[in-house]
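Visitor: Output the structure for:
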Amino acid sequence: MAKDIDELCAAVYDKKIEECYYENNEFSQYDAVVGYYYMLYIEKRISLYDLIDRLSDDDDISAESSIHEQENFYIIFDKINKDNELISDPLFIKSMHDLFEPFRKIAEEQKQQLELY
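Guide: Numbers count the residues shown, from 1 in each chain. All right, here's what the predicted structure looks like:
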């Protein structure tokens, strides 16, 4: 419950922006989260290992993303923990890039849309 009118307005404003945004966009917020994680990796703010770790976590917000229909990140995370060389294999990195790139585009589009509000 809001403590004052300012807190109430902030909550309503945020909810209204969210409603307007999702009325005009076909992709899910969870797919955008995956894209933002990938952008953090591209910006070298997290490692590929950390990115895969986040996606293998059932409690992470990204667990609802459609990316999980394509790959099982728990299995991938298990593989890289068993084979430390895999995470630096160029073919593995390229396959991860190819997988994540569409989600980066979703995050970029969401970012641009949110800047318009």
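
Visitor: buried ones in the biggest helix by length in the chain?
Guide: Ranked by residue count, the top helix of the chain under DSSP state H comes out as helix 90-116. Buried positions in helix 90-116, judged by neighbour count with 16 or more other CB atoms under 10 Å: 92, 96, 99-100, 102-104, 106-107, 110. Every C-beta, even on glycine, is put in place using the N, C-alpha and C of the backbone.

Visitor: again, but for stretch 67-77
Guide: So stretch 67-77, judged by 16+ other CB under 10 Å, has buried residues 67-68, 73, 76-77.

Visitor: likewise stretch 27-43?
Guide: Those would be 27, 29-41, for stretch 27-43 by 16+ other CB under 10 Å.

Visitor: Need the contact partners of that stretch.
Guide: 22, 46-48, 50-51, 54-55, 61-67, 100-101, 103-110 (CB atoms under 8 Å, 6 or more residues apart in numbering).

Visitor: Go again with 6 Å.
Guide: The contact list for stretch 27-43, computed with CB atoms under 6 Å, 6 or more residues apart in numbering, reads 46, 48, 51, 54, 61-62, 64-67, 100, 103-104, 106-107, 110.
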